[in-house]
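Peer 1: I would like to see how this sequence folds:
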Amino acid sequence: MLEFRFPSANGKSCVTKKTSSCEKSVSDTGNTNQPVRELVVDEVLYFMFNKCDNIPMSTLKSVIYKFYREDEIVAAKQNVVQYIGEVMGKAIEYLAV
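Peer 2: Next up, the predicted model:
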């Protein structure tokens, strides 16, 4: 089971476990005709997305490299590559029709 670290207000880090509920497929409207998107929980990408406009990229990279483990960073990169591959595949299918 994967674990995620979240800093708390008192400066100590707490750990939560990833549950199967985080991996459910979700739909925006609940309509069965709408496409279903998979919810991906990725702490590194969430942190980066929320901080990229507020701090310089060099500082952001430094913080990520110092706080997160290498395997967490690699997993985040793999999630991005997989998502881009899926989106590009759907775009190619759409254009081929």
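Peer 1: other SSEs contacting the longest helix along the chain?
Peer 2: If you go by DSSP state H, the chain has its longest helix at helix 70-96. Packing partners of helix 70-96 (3 or more C-beta pairs under 8 Å, 6 or more residues apart in numbering; DSSP states H and E): helix 43-51. Backbone N, C-alpha and C define where each C-beta goes, glycine included.
Peer 1: any low-confidence regions in the protein?
Peer 2: Scanning the chain for pLDDT under 70 picks out 1-37, 97.
Peer 1: Recalculate using a threshold of 50.
Peer 2: Filtered on pLDDT under 50, the chain yields the residue ranges 1, 8-9, 12-28.
Peer 1: count of residues packed around F67?
Peer 2: Here the number of neighbours of F67 (other C-beta atoms under 10 Å) works out to 15.
Peer 1: Pull out the buried residues from the longest helix of the chain.
Peer 2: Of the residues in helix 70-96, those buried by neighbour count under the rule 16 or more other C-beta atoms under 10 Å are 72, 75-76.
Peer 1: now, which of these sits nearest N54?
Peer 2: A76 (18.7 Å; C-beta to C-beta).
Peer 1: Name the nearest residue to the closest one, sequence neighbours excluded.
Peer 2: V44 (3.8 Å; C-beta to C-beta, 6 or more residues apart in numbering).
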